[in-house]
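Chemist: task: produce atomic coordinates for the following.
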Amino acid sequence: IPVEAGKTVSLVVSAPVPTGVKAGWVQFTSTVPLEMRENGSVIGTTASERVMLPAGDHEIELRNDALGFRATRQVSIAADRTVTMPITMPNGTVSINALPWAEVWLGGQRVGETPIANLAWPIGSHQVLLRHPQLGERRATVTISTKATARLGVDMRTP
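Modeler: Below is the predicted model:
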């Protein structure tokens, strides 16, 4: 397991299923990494291909504290089966400005010209392209959360 200074690393190991107990898997798909908890204990993350659980009904909490996201999903696990559940991210807001001005693409989609204020956009990290006809292009990454409006300001006049 690679460990980097200043970063948290987690290792989740599924306990072996006792003999005679039926189990299946759950896989949550998400555009942002989410921690999976059951009864307050971490059971995995959405970075895992899938997580093994005993067959039956489960209430799974999904969360990303940095982005201010929490959701609970009910899932019914069948023996020897995988349940896949997509998780749709809610919108946060982003404001983008450039001097003197620029056309803006967010996640590859043109969203207008600066200034752009309080644009609703799904939470997570997104690539931003700012383009000015005489001053060229600038690229940046913006992280949108539910906690506060993400803000990006770029001076197109400086390289």
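Chemist: low-confidence stretches in the protein?
Modeler: For the chain, applying pLDDT under 70 flags the ranges 9-19.
Chemist: what about the strands in it?
Modeler: Remark: strands assigned in the chain by DSSP state E are 23-29, 35-38, 41-45, 51-54, 56-64, 69-77, 82-86, 91-99, 103-106, 109-113, 116-122, 124-132, 136-144, 150-155.
Chemist: in contact with the closest residue to residue 108 other than its chain neighbours, which residues?
Modeler: Nearest non-adjacent residue to residue 108, counting by Cβ to Cβ, 6 or more residues apart in numbering: residue 127, 7.4 Å away. Using the backbone N, CA and C atoms, a C-beta is placed for each residue, glycine as well. Applying Cβ atoms under 8 Å, 6 or more residues apart in numbering to residue 127 gives the contacts 106, 107, 108, 139, 140, 141.
Chemist: distance to residue 7 for the strands of the chain - can I get that in CSV?
Modeler: Shown next, in CSV, are these (distance: least, Cβ to Cβ, whole Å):
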stretch, distance to residue 7
strand 23-29, 23
strand 35-38, 15
strand 41-45, 14
strand 51-54, 22
strand 56-64, 15
strand 69-77, 20
strand 82-86, 27
strand 91-99, 23
strand 103-106, 27
strand 109-113, 31
strand 116-122, 24
strand 124-132, 16
strand 136-144, 16
strand 150-155, 22
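Chemist: sorry, back to before: for the residue nearest to residue 108, which residues make a bridge with it?
Modeler: Applying DSSP bridges to residue 127 gives these bridge partners: residue 141.
Chemist: gap between it and residue 156?
Modeler: To residue 156, residue 127 is 17 Å away according to Cβ to Cβ, to the nearest Å.
Chemist: re the thing from before, from the contacts of residue 127, pick the one nearest residue 76.
Modeler: Comparing the contacts of residue 127 against residue 76 with Cβ to Cβ places residue 107 closest, at 33.7 Å.
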